[in-house]
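A.B. asks: turn this into a model:
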Amino acid sequence: MNYLGELRKLLGHRPLLAVGVTILVLDSENHLLLLRRSDDKCWGPPGGSIELGESTEEAAQRETLEEAGLKISDIALFDVFSGKDQYYCYPNGDEVHMIQIVYVCKDFYGEVQISDEHTEWSWFALGEIPEDLSPPIKPVIEKFKRSYSLLDT
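C.D. replies: Below you'll find the model as predicted:
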């Protein structure tokens, strides 16, 4: 069982502070990989909680492989997100206040194969990101789109 799962057994649905990674995977045409979650039906990039003793880079590699079937390397730190926008209550009632460490990756190999945590996946142009993003992901994607457009000019 993972670290947060063990804490949930002890604390139930009470709010927890969770440190996790999010990986913004871009293809050769700068389309963003998004996965539709099976629990809340919202879109989001690969990511998840960091396990005890694991580096953030190791967590990013593990989560991308587990959730999307892709092996990643050469990741770059994008930003760290925390605060009121990072509170989330999962459909099962679990509450978290997240600290998200967000990486960007354009260097990956393999074919996308989603886990049972997701129902579908797609590559999206940055101007065509779906509206139904997971709430804690919205500020991440908005900042990324603004930052990316500044680099593109």
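A.B. asks: what sits up against the helix or strand of the chain with the lowest mean pLDDT?
C.D. replies: Scoring the helices and strands of the chain by mean pLDDT, DSSP states H and E places helix 138-152 at the bottom, with a mean of 85. Here helix 138-152 makes contact (Cβ atoms under 8 Å, 6 or more residues apart in numbering) with 22, 24, 30, 32, 78-79, 81, 85, 100, 102, 104, 126, 129, 133. (Glycine included, C-beta is placed from N, CA and C.)
A.B. asks: can you do 6 Å?
C.D. replies: For helix 138-152, contacts defined as Cβ atoms under 6 Å, 6 or more residues apart in numbering pick out 24, 81, 85, 102, 126, 129.
A.B. asks: quick one: the second one from residue 100, how far?
C.D. replies: Going from residue 81 to residue 100 by Cβ to Cβ, to the nearest Å gives 4 Å.
A.B. asks: what's the answer for the fifth one, then?
C.D. replies: Between residue 126 and residue 100 the distance, using Cβ to Cβ, works out to 19 Å.
A.B. asks: need the three-state assignment for residue 21.
C.D. replies: Taking DSSP: H, G, I helix; E, B strand; the rest coil as the rule, one finds residue 21 in the strand state.
A.B. asks: wait, it sits on residue 101?
C.D. replies: Yes. Because the distance of 5.2 Å satisfies Cβ atoms under 6 Å, residue 21 is recorded as touching residue 101.
A.B. asks: now do the shared contacts for the two.
C.D. replies: Applying Cβ under 6 Å, 6+ apart, one finds that residue 21 and residue 101 are jointly contacted by residue 56.
A.B. asks: settle it for me: which of residue 81 and residue 100 has more neighbours?
C.D. replies: residue 100 (21 against 18; other Cβ atoms under 10 Å).
A.B. asks: any low-confidence regions in this structure?
C.D. replies: 1, 149-153 (pLDDT under 70).
A.B. asks: all helices of it, in order?
C.D. replies: Counting by DSSP state H, the segments of the chain that form helices are 3-11, 56-68, 138-152.
A.B. asks: what residues of stretch 72-87 count as buried?
C.D. replies: For stretch 72-87, a neighbour-count test (16 or more other Cβ atoms under 10 Å) marks 72, 75, 78, 81, 86 as buried.
A.B. asks: what about the residues you listed, which are in strands?
C.D. replies: When those are checked against strands using DSSP state E, the ones located there are 72, 75, 78, 81.
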